[in-house]
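Novice: quick one, fold the following:
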Amino acid sequence: MSYTRLKKVVVGGVAIGGAAVLGYSLSKTSNRIKKNHQAQVIAAEQRHIHATIPLPTRIQQLHSLKNTHEFDVLVIGGGATGAGVALDSVSRGLKTALVERYDFSAGTSSRSTKLIHGGVRYLQKAIMGLDREQYRLVKEALHERANLLEIAPHLSYPLPIMLPVYKWWQLPYFWAGIKMYDLVAGRQMLKWSYVISKKKALELFPMLKKDKLVGAIVYFDGQHNDARMNIAIALTAGRMGATVANHTDVVSLIKHKDENGKEIIKGANLRDMITGEEYSVSAKCVINATGPYSDSIRKMGNEEAENICQPASGVHIVLPGYYSPDAMGLLDPSTSDGRVIFFLPWQKFTLAGTTDNPCQIRHDPPPTEDDIKFILNEVKNYLSPDVQVRRGDVVSAWCGIRPLVTDPNAKNTQSIARNHVIEVSDNNLVTIAGGKWTTYRSMAKDAVDAAVETCDLKPKNDSLTDGMLLEGAHGWTSTAFIRLVQDFGLETDVAMHLSDTYGNKAVEVAQMANLTGKRWPVVGTRLVEDFPYIEAEVSYAIKEYACTAIDVMARRTRLAFLNTQAAEEALPRIVEIMAKELGWNKAQQQHEYERAMAYLNVEMGNQCKASLMQLPDNFTEGERKKYTARFHTLDKDKKGYITPIDLRKYLEHHGEHMSEDQLREMLNEVDCNKNGRLELDEFLQLMCAVKSGAWANIRLETVLSIGERKAIPTDRSGGGV
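Specialist: Down below sits the predicted model:
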């Protein structure tokens, strides 16, 4: 055979064989693509099928908890991480239960800075220290930030944050860092950061201190309603088939020995915190997701377990909305003690924080007066002297316990872990601790991965939570509130609030709203004036597993976090509506009212406000006589105290009128010992606090000024008719 012919045969054979191989390869690739596409379609269907599944009632959830023979996974803890673990587990087809001692998001998860962020500071450390782990943390957090904004658009949104610059050399330094933040985010970047001049900075943030300001940098992170987000995660898990129960305490863990004589945790003994009933739940795997309380559950499994949690307290304060623009936050990158302070618009108020101090673990952490003053002083450093930063403007304050942890798997077990930590104990208890709000989903995925491997679980599929829309997100648009106004006759701000809180479930809340009897709004009676919360939300909250008045005023609505005085005014009506729905007797109603008041006093900062009434008397003799005379204009009968009746007589004398409820609320606002009346010494302390700025916007002070107002002459008021 000639070379030429041989070449043709060989080439032809190779061509034919190559084509066959290529065809076979393409066929395999095509089949694999088809299979992957089919898997993606099935996953997509499974991700969103829960949108049409009815939410079980709490009674049904408790029945399932008590009567299920064995769960695959029992999650302890109903914060963001625990709810995320339950959702991840049930998304894999595992039979899942979640129990929470208090309420979903009752702890740290409702007391955050409300930011969904990748971590600008972590990126700075990654670059300066050439730290690959820090870089990976930022990259992961930026992915989770984008995912959270996508899966719950009604509860989250991009927020521009201004970094004011007061030294020229800092401008390129900060700009480079923020630009790197954009670049690391890549396609998941929210919006490009940008540099602005001093003039533009003051246009966008008029309250900013002008002196020495050279410009500013604006970058974007996410913001959300943290407690509502946590509840949305738990409700989504419930719709997908997970058994979720709040107000259910773990009394002890159930231990059995396997075939090798090894002690294994196989469930928990539970107590219903509402009824006191105790029962047991079996599970192939128990996951401890209790945040600051991680060590208490770990010690239930092994009394000799060493603590890994090093709790730190973070205090936030809430100020009136006029302290910040509606849509621009502020970052102080270096406070007087090296901490970072955020100053953010949130729910039409201004949120400032946080502190970071070692603390003891307790279920009701109180904000301290020192922390409140520290935040106010830092805020004052960045605001114009025209803005008088007053202690009396703090309308709410709270403390969250950040669950910093050491890694028991690391060589240096004393150093704080920068990421979340997963520990699998010898008895198969899986503990997930540390981390941050933004990365709750990836933390949950890692925890369930560990549970599957440790306890030989058999999931039907991989995790489906990346891209899974949460409760209320399906079909929601930013203009959905318009239909609520048009279809139900709700006030615009109420409709916007319902849409932004409940997403596509806002219609269900609107359908429960009572007629007002007015021309407008047609439906939607407010719980308290000047806030968009309506009475129907209390009834709907019970469908969302709210069991106490605190559940409603702190987490289903955010009233307690926004204004404690408003929450106190709304409380009697909240208790009344819940009593009707849940069948509370008078004693139960009183108990709920007292518990909620204690919550406002201790956990929301009211007791700090009361302590301000103990300021030293700094009146001059003339001022003391003036305020004593003011008191006696109300106390005509020389009783030594003022009652709502005295207030009504005074107002009627000056041609004014207020309802009995309004009069009681006015007096209650300043009645620190809560005896229903205001004594002379209390009154003088109040005036002292008002004079110092410790108390502000007091209605009683405004009422007293009625008699001192001077009529404006017609020639100075623009004339008459």
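
Novice: and His69, that's in a strand?
Specialist: No: with DSSP: H, G, I helix; E, B strand; the rest coil as the criterion, His69 is coil rather than part of a strand.

Novice: nearest spatial neighbour of it, skipping sequence neighbours?
Specialist: Ser282 (7.0 Å; CB to CB, 6 or more residues apart in numbering). Where you see a C-beta, it was placed from the backbone N, CA and C, and this is true even at glycine.

Novice: shaky segments in the stretch 101-250 of the chain?
Specialist: 129-130 (pLDDT under 70).

Novice: tell me where it has helices.
Specialist: 120-128, 132-151, 170-185, 198-204, 226-239 (DSSP state H, counting those that start in this stretch).

Novice: got a markdown table for the ones you listed, with mean neighbour count and distance to Val318 too?
Specialist: Formatted as a markdown table, the helices of the stretch 101-250 of the chain follow (neighbours: other CB atoms under 10 Å; distance: least, CB to CB, whole Å):
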| stretch | mean neighbour count | distance to Val318 |
| --- | --- | --- |
| helix 120-128 | 18 | 24 |
| helix 132-151 | 20 | 23 |
| helix 170-185 | 17 | 27 |
| helix 198-204 | 15 | 22 |
| helix 226-239 | 28 | 14 |
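
Novice: closest one to Tyr322 among those helices?
Specialist: Of all the helices of the stretch 101-250 of the chain, helix 198-204 sits nearest to Tyr322, with 15.3 Å by CB to CB.

Novice: which helices and strands sit right next to the closest one?
Specialist: strand 156-165, strand 215-224 (3 or more CB pairs under 8 Å, 6 or more residues apart in numbering; DSSP states H and E).

Novice: hmm, 10 Å instead?
Specialist: strand 156-165, strand 194-197, strand 215-224 (3 or more CB pairs under 10 Å, 6 or more residues apart in numbering; DSSP states H and E).

Novice: work out which residue lies at the spatial centre of the protein.
Specialist: Asp226 (2.4 Å; CA atoms, centre = their mean).

Novice: any idea how far the closest residue to that residue other than its chain neighbours lies from Val690?
Specialist: Spatially, and ignoring its direct neighbours in sequence, Asp226 is nearest to Ser112 (4.9 Å; CB to CB, 6+ apart). Distance of Ser112 to Val690, given as CB to CB, to the nearest Å: 33 Å.

Novice: higher neighbour count, these two?
Specialist: Comparing Ser112 with Val690 by other CB atoms under 10 Å, the one with more neighbours is Ser112, at 24 against 19.

Novice: which residues touch the more buried one?
Specialist: Listed by CB atoms under 10 Å, 6 or more residues apart in numbering, the contact partners of Ser112 are 80, 105, 224, 226-227, 229-230, 314, 316, 353-354, 400, 402, 436-438.

Novice: related to what we said a few turns ago, contacts only, for the residue nearest to the centre of the chain.
Specialist: For Asp226, the contacting residues are 79-80, 105, 108-116, 155-156, 346, 400, 437, 555, 558, 561, by CB under 10 Å, 6+ apart.

Novice: Ile151 too?
Specialist: 47, 229, 232-233, 236, 441, 465-470, 473.

Novice: farthest-separated two in those?
Specialist: The most widely separated members of these are Arg47 and Met229, with 17.8 Å between them, by CB to CB.

Novice: can you redo the helices and strands packed on helix 198-204 as JSON lines with distance to Pro521?
Specialist: Below are those laid out as JSON lines (distance: least, CB to CB, whole Å):
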{"stretch": "strand 156-165", "distance to Pro521": "26"}
{"stretch": "strand 194-197", "distance to Pro521": "40"}
{"stretch": "strand 215-224", "distance to Pro521": "28"}
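
Novice: between those, which one is nearest to His363?
Specialist: His363 lies closest to strand 215-224 among the helices and strands packed on helix 198-204, at 24.1 Å (CB to CB).

Novice: report the strands that pair with that closest one, each with its relative direction.
Specialist: Sheet pairing of strand 215-224 (DSSP bridges) gives strand 115-116 (antiparallel), strand 156-165 (antiparallel), strand 194-197 (antiparallel).

Novice: what does the last one contact?
Specialist: Residues from elsewhere that reach strand 194-197 (CB under 10 Å, 6+ apart): 160, 162-163, 165, 171-172, 174-175, 178-179, 182, 200-205, 213-220.

Novice: can you give me the buried ones in that strand?
Specialist: Within strand 194-197, the residues that count as buried by 16 or more other CB atoms under 10 Å are Tyr194, Val195, Ile196.

Novice: want to throw the residues you listed into TSV with distance to Thr96?
Specialist: Converted to TSV, the buried residues of strand 194-197 look like this (distance: CB to CB, whole Å):
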residue	distance to Thr96
Tyr194	45
Val195	48
Ile196	49
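
Novice: closest one to Ala245 out of these, please.
Specialist: Taking the buried residues of strand 194-197 together and measuring to Ala245 by CB to CB, the closest member is Tyr194, at 47.8 Å.
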